[in-house]
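build me a model from this:
(one chain, ligands or ions: 1)
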Amino acid sequence: MTTRRQVKRKGRPSIVSKKAKFKGITFDSGTEARYYKVLLGDPNVKHIELQPVYRIIEPFEVECKRCRGAGKVVNEATGRLNKCSLCNGNGKRMKQGAIYTADFKVTYQDDYQEVIDVKGYADAKFPIRKKLFESTTGIELIVVEFDAKNRQWVRK
Ligand SMILES: [Zn+2]
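This next block holds a predicted model:
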């Protein structure tokens, strides 16, 4: 399970949604909990998976920035070549990649599946995450928002 909305990242203001509890499940936001209630009440819904995780970027390798891929650096004091400590002499460094956690994976009575993200607030990183999710899985992400003015859920 992810804690993505609780994590405070250094140097950046973070938006922390209020947690919501429903049927013993803790949701990241009240909006998410309310939409779960909507899904539970939908007779077309057969199964609901909470917070499905998708790998959207595989771990990858980059050339080491300190030794410029050589694996060795010149020691300023001695003039000798030392093993690069940043890449441990490999010349390359591994980067972590990334995962995306959606809010729901819904299976309908006809076994059609949808991956749904409920948006309760503006999230600057969401558009790129959505694109990465769609490009790696081939699944179109369903974005659901609550239109407070008309008091209804809107699928985007
Ligand atoms: Zn290096």
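
make it CA atoms for all contacts and neighbour counts henceforth
Fine.

so what are the sheet partners of the worst-scoring helix or strand of the chain on mean pLDDT and their directions?
Among the helical and strand segments of the chain, the one scoring lowest on mean pLDDT, DSSP states H and E is strand 20-22, with a mean of 83. Paired strands of strand 20-22, with direction, are strand 25-27 (antiparallel) (DSSP bridges).

which parts of the strand it pairs with are buried?
Using 16 or more other C-alpha atoms under 10 Å as the burial criterion, the residues of strand 25-27 that qualify are residue 27.

repeat for stretch 35-55
For stretch 35-55, the neighbour count (16+ other C-alpha under 10 Å) marks 35, 36, 39, 45, 46, 47, 48, 50, 51, 52 as buried.

would a markdown table of those residues with secondary structure be doable?
Formatted as a markdown table, the entries for those read as follows, by DSSP: H, G, I helix; E, B strand; the rest coil:
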| residue | secondary structure |
| --- | --- |
| 35 | helix |
| 36 | helix |
| 39 | helix |
| 45 | strand |
| 46 | strand |
| 47 | strand |
| 48 | strand |
| 50 | strand |
| 51 | coil |
| 52 | coil |
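
okay, those in TSV with distance to the ion and pLDDT next?
Below are the buried residues of stretch 35-55 laid out as TSV (distance: C-alpha to the ion, whole Å; pLDDT from 0 to 100):
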residue	distance to the ion	pLDDT
35	49	95
36	48	96
39	51	97
45	52	98
46	52	98
47	49	97
48	46	97
50	41	96
51	38	94
52	36	97
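
and these as TSV, adding distance to residue 99?
Below are the buried residues of stretch 35-55 laid out as TSV (distance: C-alpha to C-alpha, whole Å):
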residue	distance to residue 99
35	23
36	22
39	25
45	26
46	26
47	23
48	20
50	15
51	12
52	10
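
which among these gets closest to residue 84?
residue 52 (39.4 Å; C-alpha to C-alpha).

any idea how far the closest one is from residue 148?
In this view, residue 52 and residue 148 are 27 Å apart by C-alpha to C-alpha, to the nearest Å.

same check on residue 90?
55 Å.

these two: which is more packed in?
Summary of the neighbour comparison: residue 90 and residue 148, criterion other C-alpha atoms under 10 Å, with residue 90 having more neighbours (17 against 8).

endpoints of stretch 49-68, how far apart?
Across its full length, stretch 49-68 reaches 45 Å between end residues, using C-alpha to C-alpha.
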